[in-house]
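Asker: Fold the following.
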Amino acid sequence: MSRVDGRKLVALAAAATVGAIGVGTIYLPFMADRDKLRGMFEEGEESMPEGARREIQAIAKAEAEQQRQLQQHQTQQQLEEDPQPQRQRASAGSMWSSFRRNS
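Answerer: Down below sits the predicted model:
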């Protein structure tokens, strides 16, 4: 390789670097579909099989039922522990009253 080939190689590498930065700063943010690049595009109804859709719905219903039962159970436990909830009153005293001297 001669000197001229080395200079061409460096120039090619510099041009590729500038081109990659240009694509990253100009093309991607403004012209490319950002949602598709991030994988956030919406899938159509035809992309998910009917069986999978039914399974997902069944799992969601089961989780909702389980959450409802858990809330009912917790409510019943609270009622059994304290059948008549007593209201706690906040003291209307000064916040500095605990620092007073008893003399």
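
Asker: Please enumerate the helices of the protein.
Answerer: Secondary structure of the chain (DSSP state H): helices at 3-22, 28-30, 34-38, 50-81.

Asker: What is the least confident helix or strand in this structure?
Answerer: Confidence across the helices and strands of the chain bottoms out at helix 34-38, with a mean of 63, counting by mean pLDDT, DSSP states H and E.

Asker: now the chain, which segments are flagged as low pLDDT?
Answerer: By pLDDT under 70, the low-scoring segments of the chain are 1-3, 32-47, 83-93, 101-103.

Asker: what do you get if the cut-off is 90, keeping everything else the same?
Answerer: Filtered on pLDDT under 90, the chain yields the residue ranges 1-7, 22-53, 74-103.

Asker: ok, back up a step: could I get the helices of the chain as TSV with mean neighbour count and distance to Ser97?
Answerer: Placement of C-beta: from N, CA and C, glycine included. TSV is the format used below for these (neighbours: other CB atoms under 10 Å; distance: least, CB to CB, whole Å):
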stretch	mean neighbour count	distance to Ser97
helix 3-22	10	66
helix 28-30	10	60
helix 34-38	10	57
helix 50-81	10	32
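
Asker: Many thanks, have a good one.
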